[in-house]
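A.B. asks: Show me how the following folds:
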Amino acid sequence: MKNPLYWAMLVGMTVLLMEQGLPVRSQGDSQSDNKVMDNITVRQGETVFLRCAQGDVVTHTAWLNRSSILYAGEDKWSVDPRVSLVTLNQEEFTIKIENVDMTDEGQYVCAVQTSSRPRTTSVHILVQGDLASDDEYLEIPSISRQRAGTYECTAVNDIDTDVQTVDVTVNYAPTVSEGRDVGVTLGQRGVLECEADAVPEADFEWYKDDRRIFNGFDGMEIVNTGSLSKLTFFNVSDGDYGNYTCVAINKLGSSNTSFLLYVVIEPTSSTLLQGPRAVQDGSGGAMGVHSHTCLLFIVFLPFLLRF
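C.D. replies: Numbering: from 1, shown residues only. Model prediction:
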(Lines give C-alpha, C1' and ligand atoms only; values in the text may rest on other atoms or scores of the structure.)
Protein backbone atom coordinates (compact mmCIF):
# COMPACT_ATOMS: atom_id res chain seq x y z
CA MET A 1 0.00 0.00 0.00
CA LYS A 2 1.34 3.45 -0.93
CA ASN A 3 1.95 5.98 1.81
CA PRO A 4 -0.15 9.21 2.11
CA LEU A 5 2.64 11.28 0.53
CA TYR A 6 2.49 9.17 -2.65
CA TRP A 7 -1.28 9.59 -2.84
CA ALA A 8 -1.04 13.35 -2.38
CA MET A 9 1.52 13.50 -5.19
CA LEU A 10 -0.71 11.38 -7.48
CA VAL A 11 -3.73 13.60 -6.82
CA GLY A 12 -1.62 16.74 -7.31
CA MET A 13 -0.36 15.48 -10.68
CA THR A 14 -3.94 14.72 -11.74
CA VAL A 15 -5.08 18.26 -10.85
CA LEU A 16 -2.11 19.78 -12.71
CA LEU A 17 -2.88 17.81 -15.86
CA MET A 18 -6.51 18.84 -15.67
CA GLU A 19 -5.62 22.54 -15.38
CA GLN A 20 -3.31 22.35 -18.36
CA GLY A 21 -5.96 20.68 -20.50
CA LEU A 22 -3.86 17.56 -21.06
CA PRO A 23 -5.13 13.95 -21.06
CA VAL A 24 -4.67 12.32 -17.69
CA ARG A 25 -2.04 9.58 -17.77
CA SER A 26 -0.13 7.66 -15.14
CA GLN A 27 2.75 5.21 -15.61
CA GLY A 28 2.09 4.84 -19.36
CA ASP A 29 -1.07 4.43 -21.40
CA SER A 30 -0.92 0.64 -21.31
CA GLN A 31 -1.18 0.58 -17.52
CA SER A 32 -3.92 3.19 -17.10
CA ASP A 33 -7.68 3.05 -17.64
CA ASN A 34 -9.16 6.49 -18.13
CA LYS A 35 -12.84 7.10 -18.92
CA VAL A 36 -14.86 10.17 -19.84
CA MET A 37 -18.53 10.05 -18.82
CA ASP A 38 -21.37 11.94 -20.50
CA ASN A 39 -22.07 15.47 -19.32
CA ILE A 40 -24.44 15.84 -16.36
CA THR A 41 -26.98 18.67 -16.76
CA VAL A 42 -28.58 19.95 -13.55
CA ARG A 43 -30.72 22.96 -12.75
CA GLN A 44 -29.54 25.60 -10.31
CA GLY A 45 -30.64 24.70 -6.77
CA GLU A 46 -30.93 20.94 -7.39
CA THR A 47 -28.76 18.11 -6.02
CA VAL A 48 -26.26 16.20 -8.17
CA PHE A 49 -24.73 12.79 -7.42
CA LEU A 50 -21.24 11.93 -8.70
CA ARG A 51 -20.73 8.15 -8.90
CA CYS A 52 -17.48 6.34 -9.54
CA ALA A 53 -17.23 2.57 -10.04
CA GLN A 54 -14.61 0.93 -7.86
CA GLY A 55 -13.98 -2.74 -8.59
CA ASP A 56 -10.67 -4.55 -8.21
CA VAL A 57 -8.73 -4.05 -4.96
CA VAL A 58 -8.79 -0.31 -4.32
CA THR A 59 -6.03 1.20 -2.19
CA HIS A 60 -6.83 4.90 -2.59
CA THR A 61 -9.62 6.91 -4.19
CA ALA A 62 -10.54 10.59 -4.49
CA TRP A 63 -13.00 13.02 -6.09
CA LEU A 64 -11.56 16.28 -7.43
CA ASN A 65 -13.10 19.35 -9.00
CA ARG A 66 -11.39 21.87 -11.27
CA SER A 67 -8.72 23.01 -8.79
CA SER A 68 -9.04 21.17 -5.46
CA ILE A 69 -9.74 17.84 -3.76
CA LEU A 70 -13.30 17.22 -2.56
CA TYR A 71 -12.85 13.81 -0.90
CA ALA A 72 -9.84 11.54 -0.44
CA GLY A 73 -11.37 8.26 0.64
CA GLU A 74 -13.52 9.00 3.68
CA ASP A 75 -11.59 12.19 4.44
CA LYS A 76 -13.37 15.36 3.38
CA TRP A 77 -10.96 17.97 2.02
CA SER A 78 -13.58 20.43 0.79
CA VAL A 79 -14.80 23.08 3.24
CA ASP A 80 -18.08 23.41 1.35
CA PRO A 81 -20.96 22.14 3.57
CA ARG A 82 -23.01 21.30 0.45
CA VAL A 83 -20.58 18.48 -0.45
CA SER A 84 -20.96 15.15 1.38
CA LEU A 85 -20.04 11.47 1.06
CA VAL A 86 -22.87 9.10 0.14
CA THR A 87 -21.28 5.70 -0.57
CA LEU A 88 -17.78 4.31 -0.29
CA ASN A 89 -17.35 0.56 -0.72
CA GLN A 90 -15.89 -1.98 -3.16
CA GLU A 91 -18.60 -1.30 -5.74
CA GLU A 92 -18.80 2.49 -5.87
CA PHE A 93 -17.55 5.82 -4.52
CA THR A 94 -20.36 8.41 -4.58
CA ILE A 95 -20.53 11.99 -3.34
CA LYS A 96 -23.33 14.55 -3.66
CA ILE A 97 -23.43 18.31 -4.10
CA GLU A 98 -26.59 19.96 -2.79
CA ASN A 99 -28.10 23.29 -3.88
CA VAL A 100 -25.98 23.38 -7.03
CA ASP A 101 -24.87 26.85 -8.11
CA MET A 102 -23.46 28.21 -11.37
CA THR A 103 -19.98 28.20 -9.81
CA ASP A 104 -20.18 24.39 -9.51
CA GLU A 105 -20.15 24.01 -13.29
CA GLY A 106 -17.04 22.36 -14.76
CA GLN A 107 -15.04 19.16 -14.85
CA TYR A 108 -14.84 16.63 -12.00
CA VAL A 109 -12.49 13.65 -11.79
CA CYS A 110 -12.59 10.44 -9.79
CA ALA A 111 -9.02 9.13 -9.32
CA VAL A 112 -8.66 5.50 -8.19
CA GLN A 113 -5.49 3.63 -7.27
CA THR A 114 -5.97 -0.13 -7.43
CA SER A 115 -3.63 -3.02 -6.76
CA SER A 116 -2.98 -3.36 -10.50
CA ARG A 117 -3.09 0.11 -12.05
CA PRO A 118 -4.41 3.66 -11.54
CA ARG A 119 -7.43 4.94 -13.43
CA THR A 120 -9.52 8.09 -13.69
CA THR A 121 -13.11 8.84 -14.57
CA SER A 122 -14.06 12.39 -15.55
CA VAL A 123 -17.44 14.07 -15.93
CA HIS A 124 -18.51 17.61 -16.82
CA ILE A 125 -21.37 19.26 -14.89
CA LEU A 126 -23.53 21.81 -16.73
CA VAL A 127 -25.67 24.07 -14.52
CA GLN A 128 -28.81 25.75 -15.91
CA GLY A 129 -30.62 28.76 -14.52
CA ASP A 130 -34.40 28.80 -13.76
CA LEU A 131 -35.46 29.87 -17.31
CA ALA A 132 -32.75 28.14 -19.32
CA SER A 133 -33.58 25.32 -21.69
CA ASP A 134 -31.37 22.32 -22.38
CA ASP A 135 -29.40 24.12 -25.08
CA GLU A 136 -29.13 27.58 -23.48
CA TYR A 137 -25.88 28.02 -21.60
CA LEU A 138 -22.68 29.99 -21.90
CA GLU A 139 -19.45 28.04 -22.13
CA ILE A 140 -16.18 29.88 -21.50
CA PRO A 141 -13.23 27.74 -22.65
CA SER A 142 -9.75 28.36 -21.27
CA ILE A 143 -10.91 30.70 -18.52
CA SER A 144 -8.54 33.57 -17.69
CA ARG A 145 -8.56 36.51 -15.28
CA GLN A 146 -9.71 38.80 -18.10
CA ARG A 147 -12.95 36.79 -18.27
CA ALA A 148 -13.89 37.63 -14.69
CA GLY A 149 -16.84 39.94 -14.11
CA THR A 150 -20.63 40.04 -14.14
CA TYR A 151 -22.53 38.25 -16.91
CA GLU A 152 -26.16 38.99 -17.70
CA CYS A 153 -28.69 36.60 -19.22
CA THR A 154 -32.05 37.80 -20.52
CA ALA A 155 -34.94 35.39 -21.11
CA VAL A 156 -38.02 36.64 -22.98
CA ASN A 157 -41.39 35.05 -23.80
CA ASP A 158 -44.91 36.31 -24.52
CA ILE A 159 -45.70 36.63 -20.83
CA ASP A 160 -42.65 38.12 -19.17
CA THR A 161 -38.98 39.07 -19.38
CA ASP A 162 -36.49 37.82 -16.82
CA VAL A 163 -32.92 39.03 -16.34
CA GLN A 164 -30.36 37.14 -14.27
CA THR A 165 -26.78 38.04 -13.51
CA VAL A 166 -23.89 35.74 -12.67
CA ASP A 167 -20.66 36.91 -11.08
CA VAL A 168 -17.65 35.00 -12.37
CA THR A 169 -14.59 35.06 -10.14
CA VAL A 170 -11.30 33.75 -11.54
CA ASN A 171 -8.64 32.80 -9.02
CA TYR A 172 -5.00 33.33 -9.95
CA ALA A 173 -1.56 33.50 -8.34
CA PRO A 174 -0.12 36.87 -7.26
CA THR A 175 1.70 39.23 -9.61
CA VAL A 176 3.85 41.78 -7.78
CA SER A 177 4.66 45.22 -9.19
CA GLU A 178 8.36 46.01 -9.61
CA GLY A 179 9.91 47.37 -6.42
CA ARG A 180 11.00 51.03 -6.28
CA ASP A 181 14.22 51.85 -4.43
CA VAL A 182 13.89 54.52 -1.73
CA GLY A 183 16.48 56.98 -0.43
CA VAL A 184 16.12 58.22 3.16
CA THR A 185 18.21 60.56 5.32
CA LEU A 186 19.57 59.10 8.54
CA GLY A 187 17.09 59.57 11.38
CA GLN A 188 14.15 60.30 9.05
CA ARG A 189 11.00 58.34 8.16
CA GLY A 190 11.01 55.93 5.19
CA VAL A 191 8.36 53.73 3.54
CA LEU A 192 8.65 50.75 1.17
CA GLU A 193 5.44 49.89 -0.71
CA CYS A 194 4.62 46.49 -2.23
CA GLU A 195 1.56 46.00 -4.44
CA ALA A 196 0.23 42.61 -5.63
CA ASP A 197 -2.56 41.67 -8.03
CA ALA A 198 -4.12 38.36 -6.92
CA VAL A 199 -7.41 36.52 -6.39
CA PRO A 200 -7.93 35.63 -3.63
CA GLU A 201 -6.06 38.54 -2.04
CA ALA A 202 -2.45 37.81 -1.22
CA ASP A 203 -0.78 37.60 2.17
CA PHE A 204 2.50 39.51 2.42
CA GLU A 205 5.88 38.67 3.95
CA TRP A 206 8.88 41.03 4.26
CA TYR A 207 12.55 40.04 4.44
CA LYS A 208 15.83 41.89 4.94
CA ASP A 209 18.40 39.79 3.14
CA ASP A 210 17.36 36.26 4.29
CA ARG A 211 15.81 37.29 7.62
CA ARG A 212 12.04 37.68 7.89
CA ILE A 213 10.70 40.92 9.35
CA PHE A 214 7.68 40.93 11.66
CA ASN A 215 5.50 43.86 12.65
CA GLY A 216 7.20 45.92 15.38
CA PHE A 217 10.62 44.41 14.64
CA ASP A 218 13.36 47.00 15.37
CA GLY A 219 10.83 49.83 15.29
CA MET A 220 9.44 48.85 11.87
CA GLU A 221 5.71 48.71 11.11
CA ILE A 222 3.99 46.49 8.54
CA VAL A 223 0.49 47.51 7.42
CA ASN A 224 -1.42 45.41 4.85
CA THR A 225 -4.46 46.94 3.17
CA GLY A 226 -6.02 44.84 0.42
CA SER A 227 -3.52 44.57 -2.42
CA LEU A 228 -0.95 46.92 -0.79
CA SER A 229 1.63 46.25 1.93
CA LYS A 230 3.72 49.04 3.51
CA LEU A 231 6.94 48.62 5.49
CA THR A 232 7.57 51.82 7.50
CA PHE A 233 10.79 52.94 9.20
CA PHE A 234 10.07 55.71 11.72
CA ASN A 235 13.70 56.56 12.54
CA VAL A 236 16.10 55.17 9.95
CA SER A 237 19.44 54.00 11.38
CA ASP A 238 22.64 52.83 9.71
CA GLY A 239 21.57 49.20 10.18
CA ASP A 240 18.31 49.76 8.27
CA TYR A 241 20.01 50.48 4.94
CA GLY A 242 20.24 47.51 2.58
CA ASN A 243 18.20 45.10 0.43
CA TYR A 244 14.59 44.15 1.22
CA THR A 245 12.27 41.58 -0.38
CA CYS A 246 8.47 41.55 -0.43
CA VAL A 247 6.73 38.18 -1.03
CA ALA A 248 3.02 37.97 -1.94
CA ILE A 249 1.36 34.57 -1.38
CA ASN A 250 -2.04 32.99 -1.92
CA LYS A 251 -3.19 29.36 -2.28
CA LEU A 252 -2.31 29.32 -5.99
CA GLY A 253 1.29 30.52 -5.78
CA SER A 254 3.62 33.36 -4.86
CA SER A 255 5.61 36.23 -6.35
CA ASN A 256 8.28 38.58 -5.00
CA THR A 257 10.11 41.82 -5.69
CA SER A 258 13.18 43.53 -4.21
CA PHE A 259 13.88 47.01 -2.86
CA LEU A 260 16.99 48.97 -1.91
CA LEU A 261 16.83 51.38 1.04
CA TYR A 262 19.79 53.71 0.54
CA VAL A 263 21.21 56.71 2.40
CA VAL A 264 20.59 60.30 1.31
CA ILE A 265 22.95 62.96 2.75
CA GLU A 266 21.31 66.33 3.37
CA PRO A 267 23.52 69.36 2.53
CA THR A 268 24.60 71.46 5.54
CA SER A 269 24.90 75.27 5.69
CA SER A 270 28.67 75.10 5.22
CA THR A 271 28.40 72.88 2.12
CA LEU A 272 25.79 75.22 0.65
CA LEU A 273 28.26 78.17 0.97
CA GLN A 274 31.04 76.09 -0.53
CA GLY A 275 29.07 75.14 -3.66
CA PRO A 276 28.04 71.88 -5.41
CA ARG A 277 31.53 70.35 -5.54
CA ALA A 278 31.86 70.58 -1.78
CA VAL A 279 28.54 68.76 -1.33
CA GLN A 280 29.80 65.91 -3.48
CA ASP A 281 33.31 65.38 -2.15
CA GLY A 282 33.14 67.18 1.22
CA SER A 283 36.06 69.56 0.46
CA GLY A 284 36.22 73.32 -0.22
CA GLY A 285 38.96 73.22 -2.90
CA ALA A 286 39.31 76.04 -5.38
CA MET A 287 35.58 76.66 -5.30
CA GLY A 288 35.75 77.21 -1.55
CA VAL A 289 38.55 79.80 -1.93
CA HIS A 290 36.59 81.55 -4.68
CA SER A 291 33.46 81.69 -2.49
CA HIS A 292 35.39 83.24 0.43
CA THR A 293 36.91 85.83 -1.95
CA CYS A 294 33.46 86.82 -3.18
CA LEU A 295 32.19 87.16 0.38
CA LEU A 296 35.10 89.42 1.37
CA PHE A 297 34.51 91.62 -1.69
CA ILE A 298 30.83 92.00 -0.78
CA VAL A 299 31.70 92.93 2.82
CA PHE A 300 34.20 95.65 1.83
CA LEU A 301 32.23 97.00 -1.15
CA PRO A 302 30.39 99.75 0.88
CA PHE A 303 33.71 101.08 2.22
CA LEU A 304 35.23 101.25 -1.27
CA LEU A 305 32.22 103.19 -2.57
CA ARG A 306 32.84 105.99 -0.02
CA PHE A 307 36.08 106.85 -1.75
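A.B. asks: what residue ranges in the stretch 201-307 of the chain score low on pLDDT?
C.D. replies: Scanning the stretch 201-307 of the chain for pLDDT under 70 picks out the ranges 268-307.
A.B. asks: Now do whichever strand or helix holds residue 162: everything it contacts.
C.D. replies: Using DSSP states H and E, residue 162 maps to strand 161-168. Applying CB atoms under 8 Å, 6 or more residues apart in numbering, the contact partners of strand 161-168 are 102, 129-131, 140, 143, 147-156. C-beta: built from backbone N, CA, C; applies to glycine.
A.B. asks: are any of these buried, and which?
C.D. replies: By neighbour count, with 16 or more other CB atoms under 10 Å, the contacts of strand 161-168 hold 102, 129, 131 as buried.
A.B. asks: With pLDDT and distance to residue 198 added, can I get those in JSON lines?
C.D. replies: Below are the buried ones among the contacts of strand 161-168 laid out as JSON lines (pLDDT from 0 to 100; distance: CB to CB, whole Å):
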{"residue": "102", "pLDDT": "88", "distance to residue 198": "23"}
{"residue": "129", "pLDDT": "73", "distance to residue 198": "30"}
{"residue": "131", "pLDDT": "75", "distance to residue 198": "35"}
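A.B. asks: got these as TSV, with secondary structure and distance to residue 218 columns?
C.D. replies: Shown next, in TSV, are the buried ones among the contacts of strand 161-168 (DSSP: H, G, I helix; E, B strand; the rest coil; distance: CB to CB, whole Å):
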residue	secondary structure	distance to residue 218
102	helix	49
129	coil	56
131	coil	61
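A.B. asks: can you list the residues you listed in TSV and add distance to residue 48?
C.D. replies: Below are the buried ones among the contacts of strand 161-168 laid out as TSV (distance: CB to CB, whole Å):
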residue	distance to residue 48
102	13
129	15
131	20
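A.B. asks: Now flag whichever of the residues you listed is closest to residue 44.
C.D. replies: Of all the buried ones among the contacts of strand 161-168, residue 129 has the smallest distance to residue 44: 5.4 Å, by CB to CB.
A.B. asks: Would you confirm that the closest one contacts residue 151?
C.D. replies: No: counting by CB atoms under 8 Å, residue 129 does not reach residue 151; the two are 10.9 Å apart.
A.B. asks: Next up, the contacts around residue 191.
C.D. replies: Counting by CB under 8 Å, 6+ apart, residue 191 makes contact with 182, 230-233.
A.B. asks: For it, list each beta-bridge partner.
C.D. replies: With DSSP bridges as the criterion, residue 191 is bridged to residue 232.
A.B. asks: Could you pull out the strands in the stretch 101-250 of the chain for me?
C.D. replies: 106-114, 118-128, 149-156, 161-168, 172-176, 182-184, 190-199, 203-208, 211-213, 220-225, 228-233, 242-250 (DSSP state E, counting those that start in this stretch).
A.B. asks: So which of those strands is nearest residue 75?
C.D. replies: Taking the strands of the stretch 101-250 of the chain one by one with CB to CB, strand 106-114 is closest: 13.9 Å.
A.B. asks: Which positions within the closest one qualify as buried?
C.D. replies: The neighbour-count check on strand 106-114 (16+ other CB under 10 Å) flags 107-114 as buried.
A.B. asks: Then stretch 58-69?
C.D. replies: 58, 60-65, 69.
A.B. asks: The nearest residue to residue 91 once chain neighbours are set aside - how many residues pack around it?
C.D. replies: Nearest non-adjacent residue to residue 91, counting by CB to CB, 6 or more residues apart in numbering: residue 54, 5.8 Å away. Neighbourhood size, residue 54 [other CB atoms under 10 Å]: 17.
A.B. asks: Next up, the contacts around residue 54.
C.D. replies: 61, 89-93, 112.
A.B. asks: got it, and residue 239?
C.D. replies: Residue 239 makes contact with residue 218 under the criterion CB under 8 Å, 6+ apart.
A.B. asks: What's the separation between it and residue 206?
C.D. replies: Computed as CB to CB, to the nearest Å, the residue 239 to residue 206 distance reads 16 Å.
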